[in-house]
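[1] Fold the following, please.
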Amino acid sequence: MFNKKFLIGFGIFALISLAALFIIGYLDSDDTPALPPPKPPVKKISVYVSGQVKNISVVELEDTGNLRAVDAVNKVGGLTDLADDSAVNLAAPITDGQHIHIPTKEIFLQSPRVDDSSDLININTADAEELSALKGIGPALAQRIIDYRERNGAFKTIDELKNVRGIGDKKFNAFKDKITL
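    Numbers count the residues shown, from 1 in each chain. A predicted model of the protein is given here:
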């Protein structure tokens, strides 16, 4: 049925085809090592740090699972010289959205809050209620005075009180004889 030349030719063709398929398959195999799986995205938290720190700010920290208040304070440049670091637990764990406030050392060390020898109110130590007793100072403005004092330290002159938003010359003149440092 088939002649000998045909069978030999067919055999050679089959061998060449198999060899070609083997070479193509060999060349097509990928010896490149597999890429490592992508790292999971780094989780971050945001914390608001205020008070007696060098840069009041919202900071973003990589959540390592072991973040402490001191990490957020260091991220904003550290504490000022007026900071009362004993009033805050800097070793406390922190969470996303937390507010860390470092109070002023002077507020806790100075007394009396009102000068007992007169009716003058000490603007460096008075609380919001005492400041509200001054003519033209309501609760909101009293809080702005306290916030200003915590950010900038003790008032050095009574005129510095005019740096607080909402206190102009007219309002200041209405109570300047009732305040002291």
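[2] Any idea which residue is closest to the centre of the protein?
    Most central in the chain under Cα atoms, centre = their mean is V59, positioned 1.8 Å from the mean C-alpha point.
[3] For the residue nearest to it when sequence neighbours are not counted, grab the count of nearby residues.
    Leaving aside its chain neighbours, V59 sits nearest to K75 (4.3 Å; criterion: Cβ to Cβ, 6 or more residues apart in numbering). Backbone N, C-alpha and C define where each C-beta goes, glycine included. By other Cβ atoms under 10 Å, the residues close to K75 number 16.
[4] could you pull out the strands for this structure?
    Assigned by DSSP state E, the chain shows strands spanning 44-51, 57-62, 99-102, 121-122, 179-180.
[5] how deep is K156 tucked in, by neighbour count?
    10.
[6] Now do the domain split for this protein, please.
    What the record gives for the chain is the domain set 44-104, 110-180, from automatic domain parsing.
[7] so where's the chain shaky on pLDDT?
    Judged against pLDDT under 70, the low-scoring parts of the chain cover residues 1-2, 6-7, 10, 18-32, 106-118.
[8] The same query, at a cut-off of 80, please.
    1-11, 13-34, 39-42, 105-119, 155, 181 (pLDDT under 80).
[9] ok so, going back, who touches the residue nearest to V59 in this structure?
    Contact analysis of K75 by Cβ atoms under 8 Å, 6 or more residues apart in numbering lists 49, 59, 61.
[10] right, and out of those, which lies closest to A34?
    Using Cβ to Cβ, L61 is the member of the contacts of K75 that lies nearest A34, at 33.4 Å.
[11] wait, isn't that closest one in contact with D71?
    Yes: the pair L61 and D71 qualifies as a contact (Cβ atoms under 8 Å) at a distance of 6.1 Å.
[12] can you list residues touching both of the two?
    Here L61 and D71 share the contacting residues I94, scored by Cβ under 8 Å, 6+ apart.
[13] Looking at the strands of the chain, which is nearest to K4?
    strand 57-62 (78.7 Å).
[14] neighbouring contacts of that closest one?
    Residues outside strand 57-62 that contact it (Cβ under 8 Å, 6+ apart): 42-49, 67, 71-72, 75-76, 94.
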